[in-house]
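Enquirer: Here you go, sequence then predicted model.
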Amino acid sequence: MSVRVRFAPSPTGNVHIGNIRAAIFNWLFARHAGGKFLLRVEDTDRERSTPEAIQTLLQVMEWLGLNYDEVPVYQAAQRARHLAAAEQLVTSGHAFRENKDGKGECIVFRMPKEGRVEYTDIVKGTIRKKAEDTQDFVIVRSDGNPVFHLANVIDDIDMRITHIIRGDDHVENTFKHIQIFRALGDEPPQYAHLPMIVNAMGKPYSKRDGAAFVGEFREQGFLPQALFNFLALLGWAPGEDREVMTRDEMVALFTLDRCKSSAARFDLKKLIWMNGEYIRQTPAAVFRAEFEARVKADGYWHTDLPAAEVDGIVALVQPRTKFYSEIPGNCAYFFTEEYPFDAKSVEKRLKPAGVPELLEAVAQRFEALPAFDHAATEAALRAMGDERGAGLGGMVHPVRVAVSGLSDGPGLFEMLTLLGRPRVCARLRRAAARLREGTL
Ligand code: GLU
């Protein structure tokens with residue numbers, strides 16, 4: 001039987017990373033098996049499932065490259081079918097009508113009264129419950145609307161789903177679902193419940209922990225490939241410490257028996273690192289376009305920049321960019337003499353006594369160099385560090401903060417060379433003057 005899996009989100013206008021992680025696992029499983037990955041929009045909550053919310057969902061899927069097969073199923077449109085199935089269950093005696101507290105009739109599904117209800121989960125193993133610990137439950141409300149459990153199962157039957165891969169918040173629901181399948185004469189599909197995504201404290205990851213919706217990661221400048229790769233590892237261990245993988249590698253390696261049942265910790269540092277890896281692998285022309293757009297949006301760009309200089313900046317910046325949104329903040333000094341100074345860095349590196357004098361001495365030494373390149377600037381700072389007993393570090397840090405306003409950045413000597421002697425020396429002298437005036 002060929003694999004048919006589905007992603008069955010309830011659109012709310014925001015797509016939580018836990019949901020999209022389920023989509024990714026379904027997608028990888030289907031592509032690995034050469035089966036079908038289907039989309040079912042569980043849009044029965046008409047207030048939340050607006051056309052905009054559905055649009056957001058489809059955009060997120062497209063952004064992440066989660067292409068689906070066949071025409072999407074919209075659950076609300078299957079209402080008549082859900083109600084007919086409920087009638088069938090009443091006729092066969094698996095369900096009954098009841099008028100609870102006089103509010104009108106609802107349809108209630110009967111759970112077994114003895115023995116156990118159990119199923120085998122590919123990730124979690126056998127999950128069982130005593131029948132006496134289960135309860136009959138409503139499948140059609142007194143207002144005539146089918147409930148989630150009924151709609152979800154009927155659609156899975158109609159879509160001929162073979163494996164249900166979803167978050168483990170549905171482990172309990174599955175006891176109900178398998179009984180509906182059986183009552184309708186169907187064998188339940190295979191289940192794989194994915195471990196919860198948790199924060200550093202082991203609690204469910206939520207928006208209080210940081211970005212939780214795919215759209216937020218996108219806005220922050222995370223690449224879809226990086227987010228995809230990162231989320232694929234939340235609950236899946238491809239083995240041999242593999243981390244950064246191409247999509248084809250992930251498809252080739254993905255199996256449910258390598259999915260873990262223990263909670264998956266959301267580690268933002270790892271995502272940032274991974275994003276940096278993907279940015280490094282991005283073709284230079286693509287990175288450059290993104291770089292330009294971001295610097296322009298921040299107003300630093302000026303049109304008379306020689307292309308070779310931009311190439312030089314891009315070559316320095318690309319290998320150390322972790323996410324695109326940090327570009328303007330990290331790169332202003334390449335474009336303007338009005339670059340901002342980071343207050344903490346100024347305090348630590350420029351405020352100590354003797355720094356203005358030191359910066360001026362460096363400017364003087366730089367001006368006297370026969371050539372202003374990596375080797376010469378480095379040798380000059382080394383020599384001055386020795387002479388002053390400050391070491392190379394004692395020179396590099398104040399110089400970096402003076403010429404860039406920041407403590408971190410690309411290799412100092414590459415940066416100095418790129419900025420060029422006149423700009424570097426003017427910046428050193430200006431920083432010294434401002435420190436003396438107390439305006440820095
Ligand atoms: N709409 C449900 C959810 O998003 C579907 C769960 C499922 O069966 O995959 O939690």
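Expert: Looks like it came in fine.
Enquirer: low-confidence ranges in the stretch 1-150 of the chain?
Expert: Across the stretch 1-150 of the chain, nothing is flagged by pLDDT under 70.
Enquirer: how about stretch 259-268: buried residues?
Expert: 259, 261, 263, 264, 266 (16 or more other C-beta atoms under 10 Å). Backbone N, C-alpha and C define where each C-beta goes, glycine included.
Enquirer: So residue 191: helix, strand or coil?
Expert: strand (DSSP: H, G, I helix; E, B strand; the rest coil).
Enquirer: Beta-bridge partners for it, please?
Expert: residue 121, residue 164 (DSSP bridges).
Enquirer: number of nearby residues for it?
Expert: 22 (other C-beta atoms under 10 Å).
Enquirer: Could you measure from it over to the ligand?
Expert: 10 Å (C-beta to the nearest ligand atom, to the nearest Å).
Enquirer: these two touch, right, that residue and residue 167?
Expert: No - between residue 191 and residue 167 there is no contact under C-beta atoms under 8 Å: 11.7 Å.
Enquirer: tell me which element the residue nearest the centre of the chain falls in.
Expert: Closest residue to the average C-alpha location of the chain: residue 227 at 4.0 Å, with C-alpha atoms, centre = their mean. Using DSSP states H and E, residue 227 sits in helix 224-232.
Enquirer: Report the distance from that helix to the chain centre.
Expert: Here helix 224-232 is found 6 Å from its chain centre; the criterion is C-alpha atoms, centre = their mean, to the nearest Å.
Enquirer: Also stretch 211-227?
Expert: Using C-alpha atoms, centre = their mean, the offset of stretch 211-227 from its chain centre is 5 Å.
Enquirer: and that stretch, how far apart are its ends?
Expert: Start-to-end span of stretch 211-227 (C-alpha to C-alpha, to the nearest Å) is 12 Å.
Enquirer: can you check stretch 197-210 too?
Expert: Stretch 197-210 end-to-end distance (C-alpha to C-alpha) = 13 Å.
Enquirer: wait, does that stretch contact the ligand?
Expert: No - judged by C-beta under 6 Å from any ligand atom, stretch 197-210 stays clear of the ligand, getting no closer than 13.7 Å.
Enquirer: Tell me which stretches of the stretch 201-350 of the chain form strands.
Expert: Assigned by DSSP state E, counting those that start in this stretch, the strands in the stretch 201-350 of the chain fall at 264-265.
Enquirer: how about the helices in it?
Expert: Along the stretch 201-350 of the chain, counting by DSSP state H, counting those that start in this stretch, helices occupy 214-219, 224-232, 247-253, 268-281, 284-297, 307-317, 327-335, 343-345.
Enquirer: Now render these as JSON lines, adding distance to the ligand and mean pLDDT.
Expert: Below are the helices of the stretch 201-350 of the chain laid out as JSON lines (distance: least, C-beta to the nearest ligand atom, whole Å; pLDDT from 0 to 100):
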{"stretch": "helix 214-219", "distance to the ligand": "14", "mean pLDDT": "93"}
{"stretch": "helix 224-232", "distance to the ligand": "16", "mean pLDDT": "97"}
{"stretch": "helix 247-253", "distance to the ligand": "21", "mean pLDDT": "98"}
{"stretch": "helix 268-281", "distance to the ligand": "23", "mean pLDDT": "96"}
{"stretch": "helix 284-297", "distance to the ligand": "33", "mean pLDDT": "92"}
{"stretch": "helix 307-317", "distance to the ligand": "40", "mean pLDDT": "92"}
{"stretch": "helix 327-335", "distance to the ligand": "35", "mean pLDDT": "93"}
{"stretch": "helix 343-345", "distance to the ligand": "44", "mean pLDDT": "98"}
